[in-house]
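Q: Curious how this folds, go ahead:
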Amino acid sequence: MAIWMIVLELVFFTCIPALELRFSIPMGCFALKTAAGVPLEWWWVATVCTVANIILGIGVYEVLLPLLRVMCRFKWFAEKLWIHVEKRREKLRPMVEKYGEWGLALFIGVPLPGTGAVTGAAGAFLLGFRRSRFYIANAVGVLIAAVCVTALCWLIQQGAVSEDSWLRALFIKEIH
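A: Numbering: from 1, shown residues only. Okay, here's the model as predicted:
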């Protein structure tokens, strides 16, 4: 596969809100191969996915204001969907009030479902974070997630995880 196709695949999977780099880094490390059939270098995959995830967070943050202005004109949005937006805001508020940008960065950086750059961008926007504060928290949070996921993938590649481990089975599908 050509290198530009691999980059596009990594960026595509990084831009899916529920997956982000928590999926694209393991996919790049274990599933994608170059045209020569050689696995990709872990640092290269991590760099592409991290940059794409940081840009994704910034893009979501910048698009929300114009989008919400348009959406609030519709009655069904205010009645049906705004409730879910409020739930996300309340989930994020205690951490942000206690820790500020560091709380948001931690929320973005914890590689668990429901966290990440997209949710963090929406929360930061709704909580009134200034653009510069969000940009810093987004970059730090994505770096935290990238380091955690990349370290786990690297440990698996180095054989630190035994053959019968649930962790290895989660990331590596072997055909017997």
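Q: So for this protein, which residue is the most central one in space?
A: The chain has residue 20 as the residue nearest its centroid, 3.5 Å off, counting by CA atoms, centre = their mean.
Q: what's that one in contact with, if anything?
A: 14, 53, 56, 116-118, 145 (CB atoms under 8 Å, 6 or more residues apart in numbering). All C-beta atoms are positioned from the backbone trio N, CA, C, and that covers glycine.
Q: Spatially nearest residue to it, not counting backbone neighbours?
A: Nearest residue to residue 20, sequence neighbours excluded (CB to CB, 6 or more residues apart in numbering): residue 116, at 4.7 Å.
Q: Isn't the one you found up against residue 144?
A: No: taking contacts as CB atoms under 8 Å, residue 116 lies outside contact range of residue 144: 11.1 Å.
Q: which of the two has more neighbours?
A: Of the pair residue 116 and residue 144, residue 116 is the one with more neighbours under other CB atoms under 10 Å, namely 26 against 16.
Q: hey, what's in contact with both of residue 116 and residue 144?
A: Counting by CB under 8 Å, 6+ apart, the residues touching both residue 116 and residue 144 are residue 108.
Q: I'd like to know how many residues surround residue 12.
A: The number of residues near residue 12, taken as other CB under 10 Å, comes to 12.
Q: can you tell me the helix or strand for it?
A: helix 3-14 (DSSP states H and E).
Q: One more: residue 90?
A: Per DSSP H and E: helix 82-99 holds residue 90.
Q: Now do the helix ranked longest in the chain: which elements does it pack against?
A: Taking DSSP state H as the criterion, the chain has its longest helix at helix 42-71. Helix 42-71 is packed against helix 3-14, helix 21-30, helix 117-126, helix 131-157, with contacts defined by 3 or more CB pairs under 8 Å, 6 or more residues apart in numbering; DSSP states H and E.
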